[in-house]
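**Q** The sequence and its predicted three-dimensional model are supplied below.
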Amino acid sequence: MVIAIVLVIVIAAVVIIGKVKSGQTKKEKQEIQKENTVSLEKMDLTKSISATGTIASKESREVSANVNGVTIKKVNVSVGDEVKKGKSLISFDETDLQESLSEAKDSLLDAQSEGSSLIEKAQKQVSDAKSEYADVKSEENSKTAKAKKAYEEAKKSKQKEQISQAKTEYENAVSTRKSTLKQSKSSIEQAQEALETAKSSAKKSIKEAKKQVTQAQESLDKCAVTAPMDGIVTSISVQEGDTYSGGTILQIEDVSGYTISTSVDEYDISNVKVGQKVIVLTEATDELEGEVTFVAPSTESSSGSSSSQSGESGGMTSTSSSSDGYEVQIALKTADDRLKLGLTARCSIVEEEAADVFAVPYDAVSQNTSGESVINVSEGENGSVSKKQIVVTKGMESDYYVEVQSDELTEGMKVIIPTDSTSDSTSEESEKDSLNGLL
């Protein structure tokens, strides 16, 4: 009886052991089946910073005019028109301005005529005063000479009374000559001052009249609103018959080139540099290439990338960076007829590139007991499978892949990517427990 019980136990143990071994073999097969592999290939790796922006023109101008209260006679362009620099964009009603210019020119002619007349009259007064002075001087010189001669004759007679009288007459003649000439000379000086005043007054009047002509001409010239650059008209804010009171008339975009304004957060901005390559994707185009042209030094800084024009003079207007990041400007280098203003652009700012290198997913690289980086490759023929471990040197890392280098690497190798394997069943564990109990 005892022998029979022992025999049953041994048979049960053999069955259980067989089942456990069978389960283990099945589990090993399942684990092998659950190991994913990738074919080792060479590829181009890119490490980049992602950002999103909007396609904008190379340059934008808001066109306005330096006139006010003038009626718009005609709008010479439509939205979507291509224009060349210098093309007439709108025409104002110039009637009132033409009249103002004509009146200003007439006023200038009057000022010039009146000034010329005043100067001529003053010059004549100077000439008359000089002529009078010459006559008075000649007459007084004659009187003085005659009195002097009488005095000399009287001295020869030796008659004291006669000499005294002649002397007095001579001295009086000299004194009279001096005061008369002084008075006559004063008349000349007054006439010359009057001449200078006339010249100054005429000059001032003519200058003011010329200023009025210049202003009237400038106002008329400002009515000629022309395109400040080649481009496309993207918006028009006025229409024929409007009374223009300032502000934007229309907008022109230079689409000979495109830019993207985007924002990069503080974690990545230190890795963004002017000149870096940018890969750009839009819904309407294939992959495009761009280049970083501006990196804001602070969150408040701006590239001042757009500009406006008032009349014939343009001034830059800037847009501030978002307080959430730093403004980055990107110039597109790839031309594409499908590009449109306002398209959303997904940008990858390239930090680092590696071309034609072996690369594997991150999970495929692990460390051995020596701390070296290794990958496991699957080898085998005729259904047999074995693993081989290869020590590699890690190179550049992208978002999903890492470059690996080793003389043992060959294209096409099956690189194992570890995955979690699950136990086949709880019954196997119970069977192991039962076996342990029996043994």
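**A** Yep, that arrived. Numbers count the residues shown, from 1 in each chain.
**Q** which stretches of the stretch 251-400 of the chain form strands?
**A** Per DSSP state E, counting those that start in this stretch, the stretch 251-400 of the chain carries strands over the ranges 277-281, 288-295, 306-310, 313-317, 326-332, 344-361, 365-367, 373-379, 386-391, 393-397.
**Q** So which of these is nearest residue 96?
**A** Of all these, strand 306-310 sits nearest to residue 96, with 21.2 Å by Cβ to Cβ. From N, CA and C alone the C-beta is placed, and that goes for glycine too.
**Q** average model confidence for the closest one?
**A** Across strand 306-310, pLDDT averages out at 47.
**Q** Can you tell me the SS state at residue 148?
**A** helix (DSSP: H, G, I helix; E, B strand; the rest coil).
**Q** Hmm, residue 249 and residue 65 touching each other?
**A** Yes - assessed by Cβ atoms under 8 Å, residue 65 is found in contact with residue 249 at 6.4 Å.
**Q** Of the strands of the stretch 251-400 of the chain, give the one that comes closest to residue 417.
**A** Proximity to residue 417 (Cβ to Cβ) singles out strand 344-361 among the strands of the stretch 251-400 of the chain, at 5.9 Å.
**Q** Give the intersection of the neighbour lists for residue 65 and residue 249.
**A** Shared contacts of residue 65 and residue 249 (Cβ atoms under 8 Å, 6 or more residues apart in numbering): 90, 225.
**Q** And for residue 162, the neighbour number?
**A** By other Cβ atoms under 10 Å, the residues close to residue 162 number 16.
**Q** Over to residue 348?
**A** Using other Cβ under 10 Å, residue 348 has 19 other residues around it.
**Q** For it, list the residues it contacts.
**A** Taking Cβ under 8 Å, 6+ apart, we find residue 348 in contact with 46, 48, 49, 50, 278, 279, 280, 281.
**Q** Quickly list what it is bridged to.
**A** Residue 348 forms beta bridges with residue 50, residue 279, as assigned by DSSP bridges.
**Q** separation between it and residue 259?
**A** 17 Å (Cβ to Cβ, to the nearest Å).
**Q** go on, residue 399?
**A** Per Cβ to Cβ, residue 399 is found 26 Å from residue 259.
**Q** Look at these two and report which has more neighbours.
**A** residue 259 (23 against 11).
**Q** need the helices for the stretch 1-150 of the chain, in chain order.
**A** Along the stretch 1-150 of the chain, counting by DSSP state H, counting those that start in this stretch, helices occupy 2-34, 95-157.
**Q** Now the weakest link among the ones you listed, please, by mean pLDDT.
**A** If the helices of the stretch 1-150 of the chain are sorted by mean pLDDT, helix 2-34 sits at the bottom with a mean of 45.
**Q** quick one: which helix or strand includes residue 248?
**A** Of the helices and strands defined by DSSP states H and E, none includes residue 248.
**Q** Quick one: neighbours of the nearest residue to it once chain neighbours are set aside, just the number.
**A** In this structure, residue 248 finds its nearest non-sequential neighbour in residue 62, 4.6 Å apart by Cβ to Cβ, 6 or more residues apart in numbering. Residue 62: 21 surrounding residues under other Cβ under 10 Å.
**Q** cool, and residue 267?
**A** Applying other Cβ under 10 Å, we find 9 residues neighbouring residue 267.
**Q** Could I get the phi/psi values of it?
**A** Residue 267 adopts backbone torsions of phi -70, psi -30, taken as degrees, to the nearest 10.
**Q** mind checking how far it is from residue 50?
**A** Look at residue 267 and residue 50: by Cβ to Cβ, they are 12 Å apart.
**Q** Over to residue 170?
**A** Going from residue 170 to residue 50 by Cβ to Cβ gives 116 Å.
**Q** Just want to know which of those two has more residues nearby.
**A** A direct count of neighbours by other Cβ under 10 Å for residue 170 and residue 50 places residue 170 higher, at 21 against 12.
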